[in-house]
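> structure, please.
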Amino acid sequence: MRGKISTVLTLLLLVSMMLLSLNASAQDGKVTVMGVWGGGELDAFNKMVEPFEAASGIEVQFEGTRDLPTLLTTRIEAGNPPDIVAVSGPGMMKELAENGDLVNLENVFNMNYLKSDFDKKWIDLATYNDGMYAIYIAADVKSLVWYNPKVFAENGYEIPDTWEELDQLAMKMQEDGITPWSIGLESGAASGWPGTDWIEDIMLRTASPATYDQWVAHDIPWTNEKVKNAFEIFGKYTKDPNMAYGGPTSVLSMNFGDAPNPLYDSPPKAGLHRQASFITSFIKENNPELKAGEDFSFFPLPPINEEYGLPALGAADMLSMMNDNPDARQFIKYMVTPGAQSIWLSELGKLGTHNRINPNVYPDDTTRKMAEFLNSAETFRFDASDSMPASIGSGAFWQAILDYVGGTSLDSVLQNLENSADDAYNSGSATN
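Alright, predicted model coming up:
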């Protein structure tokens, strides 16, 4: 069925793009796109752009890097930025816009149509000062705990509704010889980022949304007790070999995409894995025989303080325009269509941002349930590290996670972060 849907979508996209090309002559050029996508994500991106290339005659050239801030800075300084950049989050977008490096998309799109096709939160998150500087082509919800339903059934484990029940479940797993958590922080030049998601999720569950926003804006210091408490809770699970598979050494060295694998060893070496919705593509790639819902499923990361309810931490795939030319305009207009986004979603299990996405495009009920959780969450906040200046969010914060898990004292880690944040927020530099 999924293959039939993809085929129909592709044919419809080809027809629509060919019709568009009758009204606007093809530039017979190219569009350069820079981003961090690789593996399954890059394969999905290539499938998404195939109909565009076939209908427009424009070649899409993708340049991948795990160290986007550094490469982008080099290209900007050389006067050769890509046409389109997949920015890491609102923080990077705002800094690039402030430096005058991005095109105001309000001059590219009919905003009345765009506002009818996307919820207000996606427009607001793409807006800075006098304009809109990004589009959101898909979303991820991060507040998820993955597990093996068959292992749960065999051992009589129940889905926890509270953090206390989550810890009780961990104790039962230890008694059964299963390490509760499998955690991997390794991601090449981006190592450490999975740990920032833990901190952010814990912050949303132990502090108010207003406090979270103050933290992101650096209106409270990194040495604040609320931030320190979040790190200490995180450390409880990552620094204890009885809690994390392989202990800190494994946590630091295991690639994030491989971290779900211990849940599927026989017998299982771990029982739980906290990660965003996009991890489904890695689970399927590493274990092609597994079926969503039967072999892998999720439950929302439970509340810690009841007063803050069940919040959802999220992120999204964002595209910004750096060069305003006809080819780039055609490309970015194509990328906001429900057809283009449907290909991306069906390949990766991501969640739609376009209001006219057909739920049937999702590959399984598990993905539909993730979309339902994201849309119904009492509180939604964008990934904090993606909203901070790049030197903090994708720099000092990532490194702080590695240092803390590696044994550096927490007070020292937080003070170093505070020193870096003072410099970053005062300078306002996007990629330095």
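
> and for residue 95, the neighbour number?
25 (other CB atoms under 10 Å). From N, CA and C alone the C-beta is placed, and that goes for glycine too.

> surely it meets residue 389?
Yes. With contact defined as CB atoms under 8 Å, residue 95 counts as touching residue 389 (6.1 Å).

> ok so residue 145 is a strand residue?
Yes. Applying DSSP: H, G, I helix; E, B strand; the rest coil, one finds residue 145 inside a strand.

> surely it and residue 301 touch.
Yes. Between residue 145 and residue 301 there is a contact at 5.5 Å, judged by CB under 8 Å.

> which residue of these two possesses the greater neighbour count?
Taking other CB under 10 Å, residue 145 and residue 301 do not tie; residue 301 has more neighbours (24 against 20).

> quick one, grab the pLDDT at that one.
If you check residue 301, the pLDDT there is 98.

> now do the contacts for it.
143-145, 201, 205, 274 (CB atoms under 8 Å, 6 or more residues apart in numbering).

> check these and tell me the two furthest apart.
Across those, the longest distance by CB to CB is 13.7 Å; it joins 144 and 205.

> mind listing the strands for the stretch 151-300 of the chain?
Assigned strands in the stretch 151-300 of the chain, in chain order: 179-181, 270-274, 297-300 (criterion: DSSP state E, counting those that start in this stretch).

> give me whichever of the ones you listed is most buried.
Counting by mean count of other CB atoms under 10 Å, strand 270-274 has the highest mean neighbour count of the strands of the stretch 151-300 of the chain, with a mean of 25.

> that strand packs against which elements?
The elements that strand 270-274 packs onto, with contact taken as 3 or more CB pairs under 8 Å, 6 or more residues apart in numbering; DSSP states H and E, are strand 144-147, helix 163-175, strand 179-181, helix 193-206.

> center of this protein - which residue?
When CA atoms, centre = their mean is applied to the chain, the residue found nearest the centroid is residue 315 (4.3 Å).

> so it bridges to which residues?
Using DSSP bridges, the bridge partners assigned to residue 315 are residue 140.

> for it, list the residues it contacts.
89, 139-140, 142, 276, 382-383, 386.

> one more pass at 7 Å, please.
89, 140, 142, 276, 382-383, 386 (CB atoms under 7 Å, 6 or more residues apart in numbering).

> likewise for residue 142?
197, 201, 276, 313-315, 383.

> do residue 37 as well
45, 64, 86.

> ok, residue 205 touching residue 302?
No. Using CB atoms under 7 Å, residue 205 is not in contact with residue 302, being 8.1 Å away.

> of the contacts of residue 315, closest to residue 343?
Distances from residue 343 to the contacts of residue 315, taken by CB to CB, are shortest for residue 140, at 16.7 Å.

> could you report the pLDDT at that closest one?
On the pLDDT scale, residue 140 gets 90.

> next, the contact list for it, please.
276-278, 314-316, 350-351.

> repeat that for 10 Å
275-279, 313-317, 348-351, 370, 374, 383 (CB atoms under 10 Å, 6 or more residues apart in numbering).

> now swap in residue 303 and tell me
161-164, 166, 204-206, 309-311, 378.

> again with residue 285
Residue 285 neighbours (CB under 10 Å, 6+ apart): 39-40, 43, 257.

> and the buried ones among those residues, selectable in ChimeraX?
Applied in ChimeraX, the following selects the buried portion of the contacts of residue 285 according to 16 or more other CB atoms under 10 Å:
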select :40,257
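
> taking the contacts of residue 285, tell me the two that lie furthest apart.
Across the contacts of residue 285, the longest distance by CB to CB is 13.9 Å; it joins 43 and 257.

> quickly list what's touching both of these two.
What both residue 43 and residue 257 touch, as defined by CB under 10 Å, 6+ apart, is the set 281, 285.

> re the thing from before, what is in contact with residue 145 and residue 301 at once?
By CB under 10 Å, 6+ apart, the residues touching both residue 145 and residue 301 are 160, 166, 274.

> quick check: of those, which lies closest to residue 68?
residue 274 (24.2 Å).

> can you tell me, leaving aside adjacent residues, what's nearest to the closest one?
Using CB to CB, 6 or more residues apart in numbering and skipping the chain neighbours, the partner closest in space to residue 274 is residue 145 (5.2 Å).

> for that neighbour, list the residues it contacts.
159-160, 166, 169, 181, 271-275, 297-302 are the contacts of residue 145 under CB under 10 Å, 6+ apart.

> what do you get if the cut-off is 8 Å, keeping everything else the same?
166, 272-274, 298-301.

> could you check how far it is from residue 279?
Using CB to CB, to the nearest Å, residue 145 is found at 11 Å from residue 279.

> need the overlap of contacts for those two.
Common neighbours of residue 145 and residue 279 (CB under 8 Å, 6+ apart) are residue 273.

> for the nearest residue to residue 49 once chain neighbours are set aside, pull up the helix or strand it's in.
What sits nearest to residue 49 in space, not counting adjacent residues and going by CB to CB, 6+ apart, is residue 60, at 4.5 Å. Here residue 60 sits within strand 59-64, counting by DSSP states H and E.

> helices and strands around that strand, which ones?
Looks like strand 59-64 contacts strand 30-35, helix 39-56 (3+ CB pairs under 8 Å, 6+ apart).

> let me have the ones you listed in JSON lines, extended by distance to residue 411 and mean pLDDT.
What follows is these, written out as JSON lines (distance: least, CB to CB, whole Å; pLDDT from 0 to 100):
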{"stretch": "strand 30-35", "distance to residue 411": "36", "mean pLDDT": "97"}
{"stretch": "helix 39-56", "distance to residue 411": "37", "mean pLDDT": "94"}
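
> most tightly packed of those?
strand 30-35 (a mean of 22).

> who's in contact with residue 319?
Counting by CB under 8 Å, 6+ apart, residue 319 has contacts 33, 84-87, 134-135, 137, 332, 335.

> returning to that earlier point: can you put the helices and strands packed on strand 270-274 in JSON lines and add mean pLDDT?
Output for the helices and strands packed on strand 270-274, formatted as JSON lines (pLDDT from 0 to 100):
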{"stretch": "strand 144-147", "mean pLDDT": "98"}
{"stretch": "helix 163-175", "mean pLDDT": "98"}
{"stretch": "strand 179-181", "mean pLDDT": "98"}
{"stretch": "helix 193-206", "mean pLDDT": "98"}
